[in-house]
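Peer 1: Fold the following and give me the result.
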Amino acid sequence: MFQSERIEVIPLRIEGVFGLATNQKQDERGTLTRLWEENLTQSKFSIKQISIVTNPKPLTLRGLHFQTSPYSENKIIYCISGKIFEVVLDLRIHSKTYGEHLTVETGLTSDLQGLVVPIDCAHGYLTLAPNSSLIYFIDNFYSAESARGVLWNDPNLEINWPANPSVISKRDSSWPQLKNL
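Peer 2: Here you go, the predicted structure:
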């Protein structure tokens, strides 16, 4: 896997999911943190959109989101402020980890600052601090018709969330369980 002097790419338990640890450069002016290098994932990744998501309140939950073909997407996601509890769920039917999930904490002061989430994996998160923000680099366009989700608290997934959300959208509260996709 690719590694530069500024970004360490760490394979995680689900194939194609990587943790990202950045190496900040600091001097009297402040810091510089590199978030992207073209060969970061050693796969073809052409950025089609970049989005910033802000979450003013702690315990805000978003997810578990994914898009279906032809709008399936790879994502590189960084926590750029606050602290995030992130979940990746493998939805790839032929994967040896289909239906399994992994969890990590990301933040500027965490071991990991970001994640690579491959096509056909759902992603969601719970904010652990106020004013937690993320930046998304995505290799496909958003399609409302292709947007899908899995219920964040599906009992069959046994995700060990650190707390119940205090802010969650009606849509994220009503996604189907994995077995009903």
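
Peer 1: what comes up buried for stretch 103-123?
Peer 2: Going by neighbour count (16 or more other C-beta atoms under 10 Å), the buried part of stretch 103-123 is 103-107, 110, 112-123. Quick note: C-beta positions are derived from backbone N, CA and C, even for glycine.

Peer 1: Can you flag which of the residues you listed belong to strands?
Peer 2: Counting by DSSP state E, the part of the buried residues of stretch 103-123 found in strands is 103, 104, 105, 106, 107, 114, 115, 116, 117, 121, 122, 123.

Peer 1: how about the helices in this structure?
Peer 2: Counting by DSSP state H, the segments of the chain that form helices are 170-173.

Peer 1: any weak-confidence spans in this structure?
Peer 2: Scanning the chain for pLDDT under 70 picks out the ranges 1-5, 39-43.

Peer 1: at 80 instead, please
Peer 2: The chain contains residues with pLDDT under 80 at 1-6, 24, 31-34, 36-44.

Peer 1: mind listing what the residue of it positioned farthest from its centre touches?
Peer 2: Using C-alpha atoms, centre = their mean, the residue of the chain lying farthest from its centre is residue 28. It sits 32.1 Å away. By C-beta atoms under 8 Å, 6 or more residues apart in numbering, the contact list for residue 28 is empty.

Peer 1: Let the chain start at 49 from now.
Peer 2: Let's use 49 as the start, then, which means that last one is residue 76.

Peer 1: For residue 57, give its distance to residue 150.
Peer 2: 15 Å (C-beta to C-beta, to the nearest Å).

Peer 1: ignore the last one, residue 108
Peer 2: Distance, residue 108 to residue 150, by C-beta to C-beta: 21 Å.

Peer 1: Please apply the same query to residue 97.
Peer 2: Distance from residue 97 to residue 150, by C-beta to C-beta: 25 Å.

Peer 1: neighbour-wise, which of those two wins?
Peer 2: residue 150 (18 against 13; other C-beta atoms under 10 Å).

Peer 1: give me every residue that touches the more buried one.
Peer 2: Listed by C-beta under 8 Å, 6+ apart, the contact set of residue 150 reads 60, 61, 62, 65, 135, 136.

Peer 1: ok, it to residue 78 distance?
Peer 2: Here the criterion is C-beta to C-beta. By it, residue 150 lies 33 Å from residue 78.

Peer 1: Check residue 138 too.
Peer 2: From residue 138 over to residue 78 the distance is 38 Å, taken as C-beta to C-beta.

Peer 1: who's more crowded, those two?
Peer 2: Neighbour count, other C-beta under 10 Å: between residue 138 and residue 78, residue 138 has more, with 22 against 8.

Peer 1: Is that one bridged to anything, and to what?
Peer 2: Note on residue 138: beta-bridge partners by DSSP bridges are residue 169.

Peer 1: so residue 96 touches residue 186, yeah?
Peer 2: Yes: counting by C-beta atoms under 8 Å, residue 186 is a contact partner of residue 96 at 6.1 Å.
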